[in-house]
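Participant: Below are the sequence and a predicted model for it; my questions follow.
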Amino acid sequence: MHSVSGDDLTPQQQWLDERRRHALARFDDRIPALYRQAIDLPAEAAQWADGADGALASLFLTGIIGVGKTHAAWHTARRWLDNQHRHGRPGSPTVQTWRSTQLFDALRPEGDNPRAVTQAAQACGLLYLDDLAAARVSPSGWTQERLYEIFDERYTKQRPLLITCDVLPGRLADVVGERVASRLAEMCRGGIHLMRGADRRLAGAA
């Protein structure tokens, strides 16, 4: 996908570039087969991933079902990871990816380790939540509290969120509860991008 010549790089730069390429290769392995084909990202998503001047802390991709939000989000997350490595951000940039229904299940008290899931989602460099409104049923009070903990910690530490959803943040209260919806709307203020177009699934496109 991306290539860098090592001819003019110092040994440290060569090591950093190798680390970047390994990180991207590992991320590529995580991308579902349906979404692996490279695509042109919406300008707003590309600018956000590149950390362009004026880019918001978090990005909320919305639009009708099938317009391509998930495909765009996977490659936006990949571009974000690439950019973090290219600019030598401190530490090892990490991306956690969750489908909302899977995250809700993992956060329930009867889950394997909801506290560990919460802490990992709070601490990762980028948290990508796909199809946030997919559950369509308000999660339990326990899950709402854990979600609020995740979003609030990321808000105070200025750690970005990348979210896809066919419902605007201000209308998510029925899914994630009033407190979570309010915090999310605040985090994504100015960072909401409406993807336009027809349902590509009906047209036979991924």
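Facilitator: In hand now; what should we look at? Numbers count the residues shown, from 1 in each chain.

Participant: Specify the local secondary structure of the residue nearest the centre of the chain.
Facilitator: Most central in the chain under CA atoms, centre = their mean is Y128, positioned 2.2 Å from the mean C-alpha point. Of the three states, Y128 takes strand according to DSSP: H, G, I helix; E, B strand; the rest coil.

Participant: can you pull up the bridge partners for it?
Facilitator: T97, L162 (DSSP bridges).

Participant: Need the CA coordinates for the helix ranked longest in the chain. CSV is fine.
Facilitator: Ranked by residue count, the top helix of the chain under DSSP state H comes out as helix 11-30. Extracted in CSV, the C-alpha atoms of helix 11-30 (Å, rounded to 0.1, in the frame of the first residue of the first chain):
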residue,chain,number,x,y,z
PRO,A,11,19.6,3.8,11.2
GLN,A,12,17.0,5.1,13.7
GLN,A,13,14.8,6.3,10.9
GLN,A,14,15.1,3.0,9.1
TRP,A,15,14.0,1.2,12.4
LEU,A,16,11.1,3.6,12.8
ASP,A,17,10.0,3.0,9.2
GLU,A,18,10.2,-0.7,9.6
ARG,A,19,8.2,-0.5,12.8
ARG,A,20,5.6,1.6,10.9
ARG,A,21,5.3,-1.0,8.1
HIS,A,22,5.0,-3.8,10.5
ALA,A,23,2.2,-2.0,12.4
LEU,A,24,0.4,-1.3,9.2
ALA,A,25,0.7,-5.0,8.1
ARG,A,26,-0.7,-6.1,11.4
PHE,A,27,-3.6,-3.7,11.0
ASP,A,28,-4.2,-4.8,7.4
ASP,A,29,-4.6,-8.4,8.8
ARG,A,30,-7.4,-7.1,11.0
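
Participant: Determine the set of other helices and strands touching it.
Facilitator: Contact here means 3 or more CB pairs under 8 Å, 6 or more residues apart in numbering; DSSP states H and E; on that basis helix 11-30 packs against helix 69-86. Where C-beta positions appear, they are placed from N, C-alpha and C, glycine not excepted.

Participant: By average pLDDT, which secondary structure element in the chain comes out worst?
Facilitator: Ranking every helix and strand in the chain by mean pLDDT, DSSP states H and E puts helix 173-176 at the bottom, with a mean of 83.

Participant: and the next element down the chain from that one?
Facilitator: helix 178-187 (DSSP states H and E).

Participant: Around L24, how many other residues sit close by?
Facilitator: If you count neighbours by other CB atoms under 10 Å, L24 ends up with 17.
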